[in-house]
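1. Output the structure for:
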Amino acid sequence: MNKNRLFALSLMVYLATSCLPAQAFEGPLRVRNQFPLFMHIDAPELESARATDGFSASFSYSSVFMAKNSAAWDVLIDLEMATLDLQYRKIVAEGLELGLRVPLVNFNSGFMDSFVNDFHRTFGFGNYGRDFRPLNEFAYEVRHNGLLTIKGKAGGIGLGDIRLSAKKMLLSADPAVSVVAGVELPTGDARSGYGNGSVDADLAVMVDKRLGDKMMSYFNAGVIFPGDLKAEETVNLRQSFYAGAGLEYLASPEFGLLLQTVFQTSPFPKTGIGNIDRTGVVLVFGGRYTKAKDSIEFSMTEDPNTAGAPDFTLNVSYTRRF
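-> I've put the predicted structure just below:
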């Protein structure tokens, strides 16, 4: 009798734990492109198609270098940047989620130049020519036709452009499908590089597809309708298209490994600078630990084609689900 009870209990535990991974998928890592020229033009974040309730605080620390010029543009960006994205999402009706994102940004001269140079050489990533600049020296200046457009300053914390969003689920089974629309408000100071000075809008389709009990795939595709960049000078921006995909693998009911990427076309007019004009690629890999209603993520971001993305970004995010 005791053996039967023990067997039954063991079977129940096995069935319960084997079902946990199917319920533990939390969606892609909460990371978006931190490239200073793109991040305030409604930079996309790979998302799950599923509506959620919760609050998250996502911290990213990036190293960025670009010293390029063309007939009309001069761009010198040599800085490190800390950003804190505060997000709140609330399901207000069946399959309808409303969202709010508030970004805080800090530019600084940093300390990572030597490490990033060594990292890029070791793994064969492009280095933008940063070896020819003094280590850890701040610069953020953009000129168009000889006129100053953006002049960033080191130190201090600035409010970025606040984003409002609405997500509606169309299918909730497998695959899950939703559409999302967003608007980004010009709350950041465009002259100092904290915003773009105009209202931006976006529209996207999102799909979640299960690949077995322990793996989930995520797909996003969308378009961004930016307003003009209204800084020291006004620059007419253009529509930007993006697509992204991610994989989440549950190594255990509480720990997941994630790999994801997002491709985005440049929202700037043709500048003659390849690092701005080419499609930007953000590659992210990391992990997530989940316990009850809380989760914490750690990840690293790279720019494999040295265009439209920071050289290197470290990310950590905390989420509390309601």
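
2. list the contacts for Phe219?
-> For Phe219, the contact set (Cβ atoms under 8 Å, 6 or more residues apart in numbering) comprises Met206, Val207, Asp208, Lys209, Ala243, Gly244, Ala245. Quick note: C-beta positions are derived from backbone N, CA and C, even for glycine.

3. what pairs with it across the strands?
-> Val207, Ala245 (DSSP bridges).

4. Distance check, it against Pro175.
-> Using Cβ to Cβ, to the nearest Å, we find Phe219 at a distance of 9 Å from Pro175.

5. if we can go back for a sec, pipe the contacts of Phe219 into JSON lines and attach pLDDT and neighbour count per row.
-> As requested, those are exported to JSON lines (pLDDT from 0 to 100; neighbours: other Cβ atoms under 10 Å):
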{"residue": "Met206", "pLDDT": "98", "neighbour count": "26"}
{"residue": "Val207", "pLDDT": "98", "neighbour count": "18"}
{"residue": "Asp208", "pLDDT": "98", "neighbour count": "24"}
{"residue": "Lys209", "pLDDT": "97", "neighbour count": "14"}
{"residue": "Ala243", "pLDDT": "98", "neighbour count": "18"}
{"residue": "Gly244", "pLDDT": "98", "neighbour count": "23"}
{"residue": "Ala245", "pLDDT": "98", "neighbour count": "17"}
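
6. Same list, those, but as CSV with distance to Ser62 please.
-> Converted to CSV, the contacts of Phe219 look like this (distance: Cβ to Cβ, whole Å):
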residue, distance to Ser62
Met206, 25
Val207, 29
Asp208, 28
Lys209, 31
Ala243, 22
Gly244, 18
Ala245, 22
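
7. residues shared between the contacts of Phe219 and Pro175?
-> Contacts common to Phe219 and Pro175, judged by Cβ under 8 Å, 6+ apart, are Val207, Asp208, Lys209.

8. Now the last one: which helix or strand?
-> In this structure, Lys209 sits in strand 200-210 according to DSSP states H and E.

9. How far away from the center of its chain is that strand?
-> In terms of Cα atoms, centre = their mean, to the nearest Å, the centre of strand 200-210 is set 14 Å apart from its chain centre.

10. for it, packing partners?
-> Judged by 3 or more Cβ pairs under 8 Å, 6 or more residues apart in numbering; DSSP states H and E, the packing partners of strand 200-210 are strand 176-184, strand 215-225.

11. what about the strands in the stretch 51-200 of the chain?
-> Ranges of strands in the stretch 51-200 of the chain, per DSSP state E, counting those that start in this stretch, are 54-69, 73-93, 96-108, 139-144, 147-151, 158-159, 163-171, 176-184, 200-210.

12. Which one of those lies nearest to Pro28?
-> The closest of the strands of the stretch 51-200 of the chain to Pro28 is strand 200-210. By Cβ to Cβ, the value is 9.6 Å.

13. got the CA positions of the closest one in PDB?
-> Listed in PDB are the C-alpha atoms of strand 200-210, where the atom choice follows Å, rounded to 0.1, in the frame of the first residue of the first chain:
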ATOM      1  CA  ASP A 200       6.200  59.100 -33.400                       C
ATOM      2  CA  ALA A 201       3.900  56.200 -34.100                       C
ATOM      3  CA  ASP A 202       4.300  52.500 -34.700                       C
ATOM      4  CA  LEU A 203       2.200  49.500 -35.800                       C
ATOM      5  CA  ALA A 204       3.300  45.800 -35.600                       C
ATOM      6  CA  VAL A 205       2.200  42.200 -35.800                       C
ATOM      7  CA  MET A 206       3.400  39.700 -33.200                       C
ATOM      8  CA  VAL A 207       3.400  35.900 -33.300                       C
ATOM      9  CA  ASP A 208       4.300  33.300 -30.600                       C
ATOM     10  CA  LYS A 209       4.800  29.700 -31.800                       C
ATOM     11  CA  ARG A 210       5.500  26.800 -29.400                       C
END
